[in-house]
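A.B. asks: Just need the structure, nothing else, for what follows:
(one chain, ligands or ions: 1)
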Amino acid sequence: MEFTKGHGTGNDFVILPDPDGTLDLTPGLVAALCDRRRGLGGDGVLRVVRAAKHPEGVALAGEAEWFMDYWNSDGSFAEMCGNGARVFVRYLLDRSLAAPSGGTLPIATRAGLVRARVEGADVAVEMRRPRLYDTATATLGGLTLPGTAVDVGNPHLVCPLPAALELTGLDLTRAPEVDASAFPSGVNVEFTTPGEPVTGTDGHVLMRVYERGSAETLSCGTGACAVAAVALRDAGLDTGTVSVDVPGGRLTVTVTADSCWLSGPAVLVATGTLTPTALSH
Ligand SMILES: N[C@@H](CCC[C@H](N)C(=O)O)C(=O)O
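C.D. replies: Coordinates of the predicted model:
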């Protein structure tokens, strides 16, 4: 089985080419691949499959040739992965499996069609405009923080820290507790503090994230979009550009009237051959 390893600001993925959708990808195999000691290691798996050959992609096959079949490292599915989409596009271009037309490349995802644009070392993807729809709390080590629930195709809860607390002080080795009735399918939880002003942007936020299905990661693209939308709302703005610093680097988010662009580096680091029978699943 051929694989490629890639990442976007440290959010890392095992990429599996499966153009005709013949691979028997199971939750157990995904978890074994993502195991950092016994497998290849990753926050998730990106299966590269023709939209026409995947039951969840076929409806978009007329608009996009490729479907991003994203799985979290615990073997669960997610509707969307912003960094994954950026790395997926880097892979398609690197392997000459697709080429932008009119500057953009469409890909199909469980959250619908996503358009991508290459900007040198960066890949930008256009996703739906984040929808701020509720309030909820997250509890971490006895500390309960209010937050904003945000839909970016997948669910997020954005919790700004009180001024006295530092992001680096949070213990994210365990999942924050959230109200399960507010998030019946689980939620990704972002913790934020304000950053220093960055030239050319309307905001600068620092964030850490505990991802549904993958625990703490170095970056979360959809999480950055959720965080940017909350920062803009808190600044009294409806649209704008926000720099979001994650432990793995910097993402730039531009929220427009009807969509959201996520931009940052997307890197492929290795390609090889895997022996699936050697994986403990
Ligand atoms: N890291 C991703 C988000 C991956 C999915 C998430 N864990 C979920 O279950 O919704 C990103 O870059 O957006």
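A.B. asks: For stretch 202-220, the averaged confidence score.
C.D. replies: Stretch 202-220 shows a mean pLDDT of 98.
A.B. asks: Quick check: end-to-end length of it?
C.D. replies: By CA to CA, to the nearest Å, the extent of stretch 202-220 from end to end equals 20 Å.
A.B. asks: How about residue 12: what's its closest non-neighbour residue?
C.D. replies: Leaving out its chain neighbours, the residue that sits closest to residue 12 by CB to CB, 6 or more residues apart in numbering is residue 42, at 5.0 Å. Using the backbone N, CA and C atoms, a C-beta is placed for each residue, glycine as well.
A.B. asks: host element of the one you found?
C.D. replies: Under the assignment given by DSSP states H and E, residue 42 is not contained in any helix or strand.
A.B. asks: what's the answer for residue 181, then?
C.D. replies: Per DSSP H and E, there is no helix or strand for residue 181.
A.B. asks: Next, count neighbours for it.
C.D. replies: Look at residue 181: counted by other CB atoms under 10 Å, it has 7 neighbours.
A.B. asks: Ok, the one 4 residues further on next?
C.D. replies: The burial count assigned to residue 185 is 11, neighbours taken as other CB under 10 Å.
A.B. asks: Quick check: residue 32 touching residue 279?
C.D. replies: Yes. Between residue 32 and residue 279 there is a contact at 3.9 Å, judged by CB atoms under 8 Å.
A.B. asks: what residues are shared contacts of the two?
C.D. replies: Both residue 32 and residue 279 are in contact with 38, 39, where contact means CB atoms under 8 Å, 6 or more residues apart in numbering.
A.B. asks: and residue 111, what is it in contact with?
C.D. replies: Per CB under 8 Å, 6+ apart, neighbours of residue 111: 79, 80, 127, 128, 153, 154.
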